[in-house]
Every structure is written in C-alpha cells, then in structure tokens.
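Q: Give me the fold of what follows.
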Amino acid sequence: MSDSRALPRGSVVHKGRGATFDPHNRFAPSVSVEESDGWWQEHAPLSLATEVREEPSKSALAWNSSPDLSFDRSLNPYRGCEHGCIYCFARPSHAYWDMSPGLDFETRLIARTGMLEHLRDELAKPGYVCRPINLSGNTDCYQPIEARYRTTRSLLAFLLECRHPVTLVTKGSLVLRDLDLLKQMAEHRLVRVLVSLTSLDGDLKRTLEPRAASPQARLKVIRELSAAGVPVGVLISPVIPGLTDHEIERLIEAARGAGARTASWMLLRLPREVAPLFQAWLVAHYPERADKVMSLIRQCRGGKTNEAAFGKRFRGEGVFVDMIEQRFKRASRQWGMQPRAEQGLNTRDFRPPRTQGDLFD
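A: Have a look, this model is predicted:
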C-alpha cells in the first residue's frame, strides 16, 4: 500500500468536522503516542462540541509584506475556525496557541476581545496611511461564532464611520446580516467582497468544508450583495487537482449568473500539518482517488506536497497548472468575468478617529 493510502493511527470521522485526528503540536516539548493494550474499550465520541475562550487583544491590525497578497494589513477577530475546511492554510497557526492544527483548530476557538479599541488607537496615529484593510487574512470573520460575538459587525461599523476602505473574503452566509453596513460602504466605494467557492457538489462540501455555507447559500450571498450594489467577486479556491478542477467552468458560470463581477483562483496549498490532515481526509472519504489526487498535487508542486516560495505558493507550476490557467481564462472571457481587482477603493475620504485624549481638547 502506498503512503497516500495510509491512514494515521487514531483517525476517526467526526460528524460535522473536517479533520480526522489531531497531529502533534510541533512546539510541544514531548510527544504522546496512543497504544492499544486491549483493556480500554471506550470509543471517542463521533460528535465534538465547540469550545470558545476569550483572549484580550494586544493590537488590532496584522501587517504583512508578502508580494503575493494585494493587501498589507488585515483584521482577524478569531483564532481557529469552526467551518472546519480540511485544506485550510491557517491550521498550522493554531500550534502557536498550544493547540493542534487538527480537530483543535475547528473545535477549540479563540475570540479576540478589545479589537475595536485597539483599532481606534492605531488608525488615529499621526503617521497612519490609509489603505484597504482585509477582513480576514487568516480565519473566516463570518464563521458561526460571529453570530454571538458580533466583532466583525462592530469593526465594519467603525470603519464606515471613519470612511476607511475594507475588503472581505468569506464562505459564510452570515455576511448578509451586515448588508445594511455593506450597502452604505459601497455607496462611498469603501468595500469589496470576495465569496470563496470551491465546489457546487453538496455532498463533497459536507466533508470538505463541513460547517461552511452550502454552495447554494454562497450563490445567494453573491446574488443579494450584487442586488444591493455591493461589488462582489468569486474566489475559486482552492482548486484541488483530481477532485474539484473539473468544476472550474461551472463555478464561473454559476457565480456570474448570481452577479459576481470578478473571478480569481488559487491552487490547493498544503503547508506543514495540513498535508497529513488532507491526506487522511482523502483516505477516509475518497480512498479510490487518494493516490491520483496526491500525485497531481506533487506534479504541481515540483514533486513536493507544498511549495512555500513567493510567486509559486498560490499558483503552483507545471503542465497541469498551465491547463487550469488556460481553462480559467477561457471561461472568464466566455462569461464576461474580470480579473480580481483590489484597487479603486476610496482612500481620500478617510477621517482619522478621535482618541480618548482628543475628547478633552
């Protein structure tokens, strides 16, 4: 049996969860290995509850200098993500909080508090230069716990007040709750929304992205945002060779029919612990395709499961990637989709917020 068909010890398919096991936290000083001696008979529960703890923020904006990204600053209200997408590139970051990138990432979440106050101070700094802020750069700002914490909504309301532009990337239908704010921001050219769409296959979505919105719900998001005058595009991501790449044309057609104006795509990334997690998911749900999918991924990544180099990590390289690019461009032309554009948002009307000290001037 090849490596692609090897299922890690202790792997269990949990209802409503993407990961089948918790890989070792690479920062932990010791490693625990489960060994069966025949005495312990209790089985792990198939359904796992979500735990949320609050963490006071030390700052609001996260900055980056990546040439692959169209933004240099972002806001991330939550650590971990209940959507549970098995391929999520953000999973390895959970190890920094002494938790596993596997099941912990989607069941043990952190809600950051005090972000609005920190953002107010950061935007009020004399040297601050207004450029679009991305929500979120790491995990989805409209994952289910946003319904309780409403952090994303409070940040949007504040940015509207300051006339500060923002870009949104989500696969959650909860974004429609904030349509009133997004519509006002659109009237001032302060917002652009990208809806992540991976597949139109509901059965595939239920295991690939277990707690994210359904494909039909995401198309509804595009439709209602577009009808309200909010600029909206589709991000076909990730394209998974041998599993979802055959849907590229249908995804673009469906998104355009719903009102999306722009389209872009990204190849599947498997950084650090995401590679064994994704491979175990393949074996658990699509064992007959596991070898083919992993082989195609390596063909697109120079023989490896991941390529972290700038300029290659989002696109990959090779004949298969070239074919995807050609198909994507052809379908985009056919359906009148424009390339993704982050420019054009209004930065001229930015009004720096008043700090606490300013109130007494």
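Q: helices and strands around the longest strand along the chain, which ones?
A: In the chain, with assignment by DSSP state E, the single longest strand is strand 232-239. In this structure, strand 232-239 packs against strand 191-196, helix 215-227, helix 248-258, strand 262-267, with contacts taken as 3 or more Cβ pairs under 8 Å, 6 or more residues apart in numbering; DSSP states H and E. Glycine gets a C-beta too; all of them are placed from N, C-alpha and C.
Q: The second one - contacts with which helices or strands?
A: Helices and strands touching helix 215-227, as assessed by 3+ Cβ pairs under 8 Å, 6+ apart, comprise helix 179-187, strand 191-196, helix 202-208, strand 232-239, helix 248-258.
Q: Identify each buried residue in it, please.
A: For helix 215-227, the neighbour count (16 or more other Cβ atoms under 10 Å) marks 215, 218-226 as buried.
Q: can you redo those as a markdown table with pLDDT and distance to F278?
A: Output for the buried residues of helix 215-227, formatted as a markdown table (pLDDT from 0 to 100; distance: Cβ to Cβ, whole Å):
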| residue | pLDDT | distance to F278 |
| --- | --- | --- |
| P215 | 98 | 20 |
| R218 | 98 | 21 |
| L219 | 98 | 25 |
| K220 | 98 | 28 |
| V221 | 98 | 26 |
| I222 | 98 | 27 |
| R223 | 98 | 31 |
| E224 | 98 | 32 |
| L225 | 98 | 30 |
| S226 | 98 | 33 |
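Q: which one of the residues you listed sits closest to K183?
A: L225 (8.8 Å; Cβ to Cβ).
Q: Quick check: the gap between M266 and C141.
A: 18 Å (Cβ to Cβ, to the nearest Å).
Q: Please say which of the two ends up with more neighbours.
A: Neighbours were counted for M266 and for C141 using other Cβ atoms under 10 Å; C141 has more, 27 against 17.
Q: Now for the more buried one: which residues touch it?
A: 75-78, 135, 151-152, 168, 170 (Cβ atoms under 8 Å, 6 or more residues apart in numbering).
Q: which of these are buried?
A: Looks like these have 75-78, 135, 151-152, 168, 170 buried, using 16+ other Cβ under 10 Å.
Q: and which of the residues you listed is nearest P271?
A: N76 (17.2 Å).
Q: Low-confidence stretches in the stretch 201-350 of the chain?
A: When residues are selected by pLDDT under 70, those of the stretch 201-350 of the chain lie in 340-343.
Q: What residues of the lengthiest helix in the chain count as buried?
A: Longest among the helix segments of the chain by residue count, using DSSP state H, is helix 319-334. If you call a residue buried by 16+ other Cβ under 10 Å, then helix 319-334 has these buried ones: 320-321, 324, 327-328, 331-332.
Q: Likewise for stretch 271-289?
A: Neighbour count says stretch 271-289 has 271-286 buried, by 16+ other Cβ under 10 Å.
Q: Kindly report the same for stretch 141-148.
A: Those would be 141-146, for stretch 141-148 by 16+ other Cβ under 10 Å.
Q: Same check on stretch 60-67?
A: Under 16+ other Cβ under 10 Å, the buried positions of stretch 60-67 are 60-61.
Q: And for N346, nearest residue in space, chain neighbours not counted?
A: R189 (4.0 Å; Cβ to Cβ, 6 or more residues apart in numbering).
Q: For the one you found, which residues are in contact?
A: Applying Cβ under 8 Å, 6+ apart, one finds that R189 lies in contact with 165, 344-346.
Q: quick one: which of those residues is most hemmed in?
A: P165 (24 neighbours).
Q: Contacts only, for the residue nearest to it when sequence neighbours are not counted.
A: In this structure, P165 finds its nearest non-sequential neighbour in L345, 3.7 Å apart by Cβ to Cβ, 6+ apart. Listed by Cβ under 8 Å, 6+ apart, the contact set of L345 reads 132, 165, 167, 189-192.
Q: got the residues you listed as CSV, with pLDDT and distance to R250 columns?
A: Shown next, in CSV, are the contacts of L345 (pLDDT from 0 to 100; distance: Cβ to Cβ, whole Å):
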residue, pLDDT, distance to R250
P132, 96, 30
P165, 98, 32
T167, 96, 26
R189, 97, 31
L190, 98, 32
V191, 97, 28
R192, 96, 24
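Q: Mind picking the two most distant members of those residues?
A: Top of the distance list for the contacts of L345 (Cβ to Cβ): T167 and R189, 12.1 Å.
Q: Identify each of the strands in the chain and give its residue range.
A: Assigned by DSSP E, the strands in the chain fall at 51-56, 61-63, 73-75, 78-79, 108-113, 133-135, 166-170, 191-196, 232-239, 262-267, 338-339.
Q: Given the fifth one, what are its sheet partners and their directions?
A: It stands for strand 108-113. Using DSSP bridges, strand 108-113 pairs in its sheet with strand 51-56 (parallel), strand 78-79 (antiparallel).
Q: any idea of the mean pLDDT in the shortest one?
A: In this model, strand 78-79 has an average pLDDT of 98.
Q: Residues touching it, excluding its own?
A: So strand 78-79 is in contact with 55, 93-94, 97, 109-112, 136, 138-141, 143, 145-146, 149, 151, going by Cβ under 8 Å, 6+ apart.
Q: Could you identify the buried members of those?
A: Neighbour-count burial within those applies to 93-94, 97, 109-112, 136, 138-141, 143, 145-146, 149, 151; the criterion is 16+ other Cβ under 10 Å.
Q: Among those, which lie within helices?
A: Using DSSP H, these in helices are 146, 149, 151.
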